[in-house]
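J.: Give me the fold of what follows.
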Amino acid sequence: MPETIVINGRSIDRGEKVLTKLVISKLPSGTVIEIPVYVFRSVHDGPVVLLMAGMHGDEVNGTEIIRRMLTKKMLYPLKGTIIAVPVLNIYGFLNFSREVPDGKDVNRSFPGNRDGSLASRVAHRFMKEVMPYVDYGLDFHTGGRSRANYPQVRCVLSDHRNRELADAFAPPFIMNASYRQGSLRKEAGKQGKSILVYETGESLRFDEKGIKIGIEGSCRVLHHLGMTASCAEPTEPTVVCMKDIWLRAKNAGLWRTFINIGDYVKKGQHIGSITDPYGEMEVRLNAPATGHVVGLNNMPVVNQGDALLHIAY
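T.: Sure, this is the predicted structure:
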């Protein structure tokens, strides 16, 4: 852990607790867009851990996880440093949107470019100001609109550091997930840093169960790293899933499911149907594999190709 961390031109020494704000740009109205960054430093040497949410502005569960941890003063480390970013994509947060105003995804824009698109500039500023200090990180996400995720951690399990942190988090599901081009997780991996993605619920909706698991899992990771004195034991066993498959709609119509998110299903099991609005057509849908339902589309009206059900095994 460095003696001094410099973020946004502000020197932060050991033992300090600082809120600084990264100026990204301005709205056409002239309003300044700033990203609040909280830094909590112990006087004792230790790792630097990042807790970040709001990469996609409409994914609010992670923002609420960090907000509650800030409010309850859970981010004062016994050793090392904790950096907390409740909302990275301020643009999307203000507009209830996944993307920034130019329509690009920040989490497909890393490592970014100082002179690139707006999403690329956000990614570049973050990589320049914050990531050089980070050793480990938790990046909080949710499913898309009307598509919910059961609480899960995603990481590359062949990396023993990822597996160690994921086991410490102890979510209901650990998903083996390869790196995606342009993602923070991939760029961090190139630098030898371990970033786990935690997914729960759907966008623009609070998932209380997932928020609770996210807070407790974060505390277990911090405890595992020696940064907190205690943590809660997990209330569910962890299932490690090496593969997964999506069931997609072959027909457009009204989607009805007969199972719940988190359920265990068997290949060929009748799990739902798609009908037209007029009662003239009904298509039976069966599970494409045996495994756990870790994602579910809650939208009743679907088009061909829409993701309906995510099964991990």
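J.: what's the burial count for the residue lying closest to residue 97 once chain neighbours are set aside?
T.: Take residue 97 and drop its neighbours on the chain: the residue closest to it by Cβ to Cβ, 6 or more residues apart in numbering is residue 57, 5.3 Å away. Placement of C-beta: from N, CA and C, glycine included. The tally of other residues near residue 57 (other Cβ atoms under 10 Å) stands at 24.
J.: Then residue 35?
T.: Using other Cβ under 10 Å, residue 35 is surrounded by 22 other residues.
J.: quick check, it in a helix?
T.: No - under DSSP: H, G, I helix; E, B strand; the rest coil, residue 35 falls outside any helix and is assigned strand.
J.: Let the chain start at 432 from now.
T.: Renumbered: residue one is now 432, and that last one reads residue 466.
J.: okay but the residue nearest to residue 528 is in contact with residue 532, surely?
T.: No - in this structure residue 488 lies outside contact range of residue 532 using Cβ atoms under 8 Å: 10.4 Å.
J.: Need the residues touching each of the two.
T.: Shared between the contact lists of residue 488 and residue 532 (criterion: Cβ atoms under 8 Å, 6 or more residues apart in numbering) are residues 522, 526.
J.: Show me what the longest helix along the chain is in contact with.
T.: Identified as the longest helix of the chain according to DSSP state H is helix 639-655. The contact list for helix 639-655 (Cβ under 8 Å, 6+ apart) reads 480, 482, 492-493, 495-496, 499-500, 505, 508, 513, 567, 569, 571, 580-582, 584, 595-596, 599-603, 627, 629, 631-632, 659-663, 665.
J.: model confidence over it, on average?
T.: Summarised as a single mean, pLDDT over helix 639-655 is 98.
J.: Sort out which residues of that helix are buried, please.
T.: Within helix 639-655, the residues that qualify as buried are 641-655, counting by 16 or more other Cβ atoms under 10 Å.
J.: Just the closest of the residues you listed to residue 734, please.
T.: Among those, residue 641 lies closest to residue 734 (Cβ to Cβ), at 27.1 Å.
J.: That closest one - nearest residue in space that isn't next to it in sequence?
T.: Once flanking residues are discounted, residue 641 sits nearest to residue 631: 2.7 Å by Cβ to Cβ, 6+ apart.
J.: Tell me which other helices or strands the helix or strand where the one you found lies touches.
T.: Here residue 631 sits within strand 625-632, counting by DSSP states H and E. On a contact count with 3 or more Cβ pairs under 8 Å, 6 or more residues apart in numbering; DSSP states H and E, strand 625-632 meets helix 492-502, strand 567-572, strand 578-586, helix 591-600, helix 615-621, helix 639-655.
J.: can you redo these as a markdown table with distance to residue 545?
T.: Shown next, in a markdown table, are the helices and strands packed on strand 625-632 (distance: least, Cβ to Cβ, whole Å):
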| stretch | distance to residue 545 |
| --- | --- |
| helix 492-502 | 26 |
| strand 567-572 | 22 |
| strand 578-586 | 29 |
| helix 591-600 | 30 |
| helix 615-621 | 15 |
| helix 639-655 | 31 |
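J.: Looking at these, which is nearest to residue 720?
T.: Closest to residue 720 of the helices and strands packed on strand 625-632, according to Cβ to Cβ: strand 578-586, at 16.0 Å.
J.: gap between the closest one and the chain center?
T.: 8 Å (Cα atoms, centre = their mean, to the nearest Å).
J.: Which strands and helices lie in contact with it?
T.: On a contact count with 3+ Cβ pairs under 8 Å, 6+ apart, strand 578-586 meets helix 591-600, strand 604-607, strand 625-632, helix 639-655, strand 722-728, strand 738-743.
J.: out of the ones you listed, which comes closest to residue 715?
T.: Closest to residue 715 of the helices and strands packed on strand 578-586, according to Cβ to Cβ: strand 738-743, at 12.9 Å.
J.: Which other helices and strands does the closest one contact?
T.: Checking 3+ Cβ pairs under 8 Å, 6+ apart, strand 738-743 ends up next to strand 578-586, strand 675-679, strand 684-688, strand 701-706, strand 722-728.
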